[in-house]
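A.B. asks: here is a sequence together with a model predicted from it:
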Amino acid sequence: MDLKENLKRAALALREADALLVTAGAGLGVDSGLPDFRGNEGFWKAYPPMAKLGVSFVEMANPFWFDRDPALAWGFYGHRLNLYRRTVPHNGFRLLLEIGRRKKGGYFVFTSNVDGQFQIAGFDEDRIEECHGSLHHLQCLRLCSQDIWEAREVTLDVDETQFRALDPLPRCPKCGALARPNVLMFNDWDWIPHRTRMQSERLHRWLEGLSRSEAALAVVELGAGKAVATVRMTSEAAARGGKATLIRINPRDYDVPAGHIAIPCGAEEGILKITETSGT
Ligand SMILES: [Zn+2]
């Protein structure tokens, strides 16, 4: 592994690409100061009251809590919504957006993060697929309709010592039942998927168009670990054509299929190093 050589190759691939696909997993947000939920240790460090309850991330990110203990469920998601709202996306976002905007084939984002950080950083809402939904959108817990609405008007007051949300909790405007985030949780059969499906269709139409015009595609993948393989699979599928290059930026799981480029760095550092290398 020759990092310098890989940075040069990545810079060249980015410069020569006609279009940019950014794919992102949980590791992307770490450089903006967002907590890493990897393993129970990371989760419990970010949420000490959950350690006291002995509840893991997988157990907490479960729709069951909205019935069993709504204040705890909204304490967890409300705390995260408040955190994501006040987080300033790191410089890597801005650099990628600048590159994407200059491409004649444009850009698209595929992310498993529900934090809305790409929109906050200025990426076009119509050029993002959030495969696990978004915490900035809500749906009815009782599924009285298939409506998904923006959480913009919602404010959540969370007692940070207990991670419990104070009343009033978000309600469905149609039936008055409790609302929940339009986020795909574990063991979640009630997640309403149509918003994500529309995003997915747009991404596929864009990729088909690029393929028809034989455009060169650069896929920049950031912080996508092996635990949830969706993002890595999407990057590799998109980069399978002859005119596509995958640039995988990851401090741990940076191995790539033959012919593609590994950058063993954190997300922000990796992007900075590539752009410094090329002057793109
Ligand atoms: Zn309802």
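C.D. replies: Cool, got the structure. Numbers count the residues shown, from 1 in each chain.

A.B. asks: can you tell me which residues in this structure are near the ion?
C.D. replies: 140, 144, 172, 174-175, 177 (CB under 5 Å from the ion). Any C-beta I mention is one placed from the backbone N, CA and C, and that applies to glycine too.

A.B. asks: for ChimeraX, what selects the buried ones among the residues you listed?
C.D. replies: Buried subset of the residues of the chain next to the ion, written as a ChimeraX selection, criterion 16 or more other CB atoms under 10 Å:
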select :140,172
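
A.B. asks: with the residues of the chain next to the ion in mind, which one is nearest to residue 234?
C.D. replies: Distances from residue 234 to the residues of the chain next to the ion, taken as CB to CB, are shortest for residue 140 (29.3 Å).

A.B. asks: just the helices from this structure, written as ranges.
C.D. replies: For the chain, the helices defined by DSSP state H occupy 3-16, 39-46, 48-53, 57-60, 64-68, 70-86, 91-102, 117-120, 194-212, 230-238, 267-278.

A.B. asks: may I see those helices arranged in TSV, with mean pLDDT as well?
C.D. replies: TSV is the format used below for these (pLDDT from 0 to 100):
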stretch	mean pLDDT
helix 3-16	96
helix 39-46	81
helix 48-53	87
helix 57-60	91
helix 64-68	97
helix 70-86	96
helix 91-102	98
helix 117-120	98
helix 194-212	97
helix 230-238	97
helix 267-278	94
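
A.B. asks: can I get the ones you listed in a markdown table including mean neighbour count and distance to residue 257?
C.D. replies: Below are these laid out as a markdown table (neighbours: other CB atoms under 10 Å; distance: least, CB to CB, whole Å):
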| stretch | mean neighbour count | distance to residue 257 |
| --- | --- | --- |
| helix 3-16 | 18 | 14 |
| helix 39-46 | 16 | 27 |
| helix 48-53 | 14 | 37 |
| helix 57-60 | 18 | 29 |
| helix 64-68 | 15 | 38 |
| helix 70-86 | 21 | 32 |
| helix 91-102 | 19 | 22 |
| helix 117-120 | 19 | 25 |
| helix 194-212 | 15 | 18 |
| helix 230-238 | 19 | 6 |
| helix 267-278 | 21 | 18 |
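
A.B. asks: which one, of those helices, ends up nearest to residue 261?
C.D. replies: Judging these by CB to CB, what sits closest to residue 261 is helix 3-16, at 5.0 Å.

A.B. asks: distance from the chain centre to the closest one, please.
C.D. replies: Remark: helix 3-16 is offset 24 Å from the chain centroid, using CA atoms, centre = their mean, to the nearest Å.

A.B. asks: what does stretch 5-17 contact?
C.D. replies: Residues outside stretch 5-17 that contact it (CB atoms under 8 Å, 6 or more residues apart in numbering) are 20, 99, 103, 216-218, 220, 245, 247, 261-263, 273-275, 277-278, 280.

A.B. asks: can you pick out the most distant pair from the residues of the chain next to the ion?
C.D. replies: Between any two of these (CB to CB), the greatest distance is 8.6 Å, for 174 and 177.

A.B. asks: residues shared between the contacts of the two?
C.D. replies: With CB under 8 Å, 6+ apart as the test, residue 174 and residue 177 both reach 140, 144.

A.B. asks: quick one: which of the residues of the chain next to the ion is nearest residue 70?
C.D. replies: Ranked by distance to residue 70 (CB to CB), the residues of the chain next to the ion are led by residue 177 at 10.6 Å.

A.B. asks: ok, that closest one touching residue 171?
C.D. replies: Yes: using CB atoms under 8 Å, residue 177 is in contact with residue 171, at 6.9 Å.
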